[in-house]
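In: Next one to model:
(one chain, ligands or ions: 4)
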Amino acid sequence: MSLNSSPLNSDPLLADMRAEIEKNLQQSVQTAFDDGVPELRDMLRYHMGWLTGLPTGKRLRPLFVLLVCAAAGGNWRSALPAASSVELIHNFSLIHDDIQDRSELRHNQPTLWTQVGIAQAINAGDAMFTLGLKKIWDLCADFPLDTVKTCSDLLQNTCLALTRGQYLDIDFERRPMVQVEEYLDMVSGKTTSLLAACVRIGATLATDDLEVINGFSEYGRNLGMAFQIVDDYLGIWGDTALTGKSVSTDLLTRKKSYPALLGLREVPAFKSLWEQPTADESTARRMAEILKESGIHDLTIDRADEYTRQAVSSLEQVCQPSSLEIMRGLTRWLLRREA
Ligand code: IPE
Ligand code: IPE
Ligand code: MG
Ligand code: MG
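Out: Ligands and ions are numbered 1, 2, ... in the order given. Okay, here's the model as predicted:
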């Protein structure tokens with residue numbers, strides 16, 4: 001697995017944080033459902049990847065909460081409830097996203113809705129969402145109420161921004177054309193809002209210095225934009241065995257991903273395949289080839305690279321020297337990740 005060569009497994013601090021995150025997440029889900037309906041809990045456990053032994057999600061969002069907390073001078077262990085909170089919210093959004101995107105594979109396992117039906121998967125997502133919003137209040141054990149309220153408000157506003165982004169993403173599917181600016185606005189909601197919130201929460205739990213918090217937030221926004229553009233790239237040119245997701249769904253559902261937008265604007269052969277009323281796996285493969293031959297593959301990476309550079313530049317202004325190497329390394333690794 002490609003994750004083995006990533007800092008996520010090789011760096012001892014990141015490995016320690018990931019182990020703590022997993023433990024805290026499992027406890028949160030376990031203790032929330034002791035009311036005689038184990039099937040509901042098991043839907044959440046299935047989605048989280050705890051029933052099959054297959055690799056789970058990367059747990060990047062909670063990792064960013066903890067890393068940034070440390071990088072802004074805080075005690076990362078006391079930020080663990082916030083880490084679980086953002087990961088539960090992320091996974092609520094994935095359960096619903098897989099229904100919305102008609103995606104049948106995630107983390108190399110069939111998506112929840114394909115196993116339990118759409119109606120019960122919606123319930124699982126709702127339960128995950130509520131657990132996530134509740135979990136942030138466990139910070140009260142170590143932080144003043146005002147600080148916790150700030151984090152809770154931020155998360156709730158983030159959920160609104162995320163839903164707005166998901167609305168636009170789905171609305172764009174039926175539109176013949178979408179401008180790059182509109183795409184960037186949509187991504188700033190569906191993906192960047194939560195990643196930026198993780199970073200901001202991590203900083204908020206470490207310091208009152210607004211300049212530092214805002215500097216980290218700027219880092220988080222650029223990181224989030226780069227992250228989604230790489231996700232779009234992997235959704236076309238990734239290796240299913242590594243990403244655990246399909247490489248044809250985005251093209252077959254006419255998702256206005258970044259490479260597709262550029263292709264529609266600049267590559268007539270791609271546009272004419274795209275505009276055919278139906279498409280199968282082999283047409284999707286042909287579309288991907290055409291995009292690659294036309295240089296769209298490289299332009300996509302260039303755009304993500306640009307956001308990554310901006311992220312690193314903001315990071316360098318606020319990060320404590322002892323955390324800079326690990327954070328910069330992780331940020332750059334995300335650009336060339338394979339999953
Ligand atoms: C997938 O996020 C959804 C996006 C916002 C692009 P991740 O790639 O972080 O998914 P997991 O957490 O590893 O499953
Ligand atoms: C990511 O959606 C954003 C959310 C889930 C809120 P995508 O649809 O782009 O992500 P993947 O590729 O399915 O993970
Ligand atoms: Mg989606
Ligand atoms: Mg999706």
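In: Tell me which residue in the chain sits closest to ligand 4.
Out: Asp101 (3.7 Å; Cβ to the ion). For the C-beta atoms, the positions are set from N, CA and C on the backbone; glycine is no exception.
In: Got the phi and psi for that residue?
Out: Phi and psi for Asp101, reported as degrees, to the nearest 10, are phi -90, psi 0.
In: Tell me, how many residues neighbour Gln310?
Out: 17 (other Cβ atoms under 10 Å).
In: Shouldn't Pro176 be within a helix?
Out: No: read with DSSP: H, G, I helix; E, B strand; the rest coil, Pro176 is coil and lies in no helix.
In: for Leu105, phi and psi?
Out: Here is the backbone geometry of Leu105 (degrees, to the nearest 10): phi -140, psi 130.
In: again with the one 3 residues further on
Out: Backbone dihedrals for Asn108, given as degrees, to the nearest 10, come out at phi 60, psi 20.
In: what's it in contact with, if anything?
Out: With contacts defined as Cβ atoms under 8 Å, 6 or more residues apart in numbering, Asn108 is in contact with 54-55, 241, 244.
In: Quick one: residues in contact with the least confident helix or strand in the chain by mean pLDDT.
Out: Every helix and strand of the chain was ranked by mean pLDDT, DSSP states H and E. The lowest is helix 7-10, at a mean of 89. With contact meaning Cβ under 8 Å, 6+ apart, helix 7-10 is reached by 3-4, 14-15, 18, 58, 63, 326, 329-330, 333.
In: Separate out the buried members of those residues.
Out: The neighbour-count test (16 or more other Cβ atoms under 10 Å) marks 14, 18, 58, 63, 326, 330 as buried among those.
In: Mind telling me which residue of the stretch 151-300 of the chain is nearest ligand 3?
Out: Of all residues in the stretch 151-300 of the chain, the one sitting closest to ligand 3 is Asp169 (5.4 Å; Cβ to the ion).
In: Number of residues surrounding the closest residue to ligand 2 within the stretch 151-300 of the chain?
Out: Among the residues of the stretch 151-300 of the chain, Lys190 lies closest to ligand 2, at 4.1 Å counting by Cβ to the nearest ligand atom. Applying other Cβ under 10 Å, we find 22 residues neighbouring Lys190.
In: can you pull the contacts of it?
Out: 162, 165-166, 168-169, 228 are the contacts of Lys190 under Cβ under 8 Å, 6+ apart.
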